[in-house]
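Participant: predicted coordinates and the sequence they were generated for:
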Amino acid sequence: MAYQHRNKDNFGFWKRRRQGFGMNLYRNKRDGWIGGVCAGLADHFNIEPWVVRLVVVGSSFFFMTLTFWAYIGACIVMAPRPKGPVDQEYQYDEELHADRPRNLFRYRNASPGERLKRARRRLDETLGRVENMERYVTSRRYELDKEFSKIQD
């Protein structure tokens, strides 16, 4: 029985691998040089492949063995990009009010200045939420709520 459970988990991993883990994460052998890992990561992160290659070469100067094994591991874990259309997960983008393909970066067509403004706005919103949490935790209301929760338990 335990063997069948492990077998199902392995099947789930390989199925998710063939589907790009739901995030368009494939090796791009068409645009790739060696195994297509750098080109595939560039597709996933929506950046140029030369940037990923530069990072890999730069990291190999400092972490030669680690970079080598990480590249080999990525070749094994990342499936090659299918020939036909890619079945990809979508998520809702609140700014576009539409579904878009799911990957790491949201703002592919925005200028760097616009991306920076959006990032600053999101950080300011996060900072506001953190300040509100700090204000609550240092207030007397927090102590009162904590004592009430002890009574309820």
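Facilitator: Cool, got the structure.
Participant: kindly list the longest helix within the chain.
Facilitator: Ranked by residue count, the top helix of the chain under DSSP state H comes out as helix 112-137.
Participant: packing partners for that helix?
Facilitator: Based on contacts counted as 3 or more Cβ pairs under 8 Å, 6 or more residues apart in numbering; DSSP states H and E, there is no element that helix 112-137 packs against. (Glycine included, C-beta is placed from N, CA and C.)
Participant: in the helix or strand following it, which residues are buried?
Facilitator: Reading on from helix 112-137 to the C-terminus, the next helix or strand found by DSSP states H and E is helix 140-152. Within helix 140-152, no residue is scored as buried using 16 or more other Cβ atoms under 10 Å.
Participant: and helix 140-152, average pLDDT?
Facilitator: When pLDDT is averaged along helix 140-152, the result is 88.
Participant: same question for stretch 27-35.
Facilitator: Per-residue pLDDT values across stretch 27-35 average out to 78.
Participant: could you do stretch 81-88 as well?
Facilitator: For stretch 81-88, the mean confidence score works out to 63.
Participant: enumerate every residue touching the nearest residue to residue 60 once chain neighbours are set aside.
Facilitator: Of all residues not flanking residue 60 in the chain, residue 67 sits nearest, at 4.3 Å (Cβ to Cβ, 6 or more residues apart in numbering). Residue 67 sits next to 56, 59-60 when contact means Cβ atoms under 8 Å, 6 or more residues apart in numbering.
Participant: residue 66 - how many residues pack around it?
Facilitator: 11 (other Cβ atoms under 10 Å).
Participant: count the neighbours of the residue nearest to it when sequence neighbours are not counted for me.
Facilitator: Take residue 66 and drop its neighbours on the chain: the residue closest to it by Cβ to Cβ, 6+ apart is residue 59, 7.8 Å away. Look at residue 59: counted by other Cβ under 10 Å, it has 14 neighbours.
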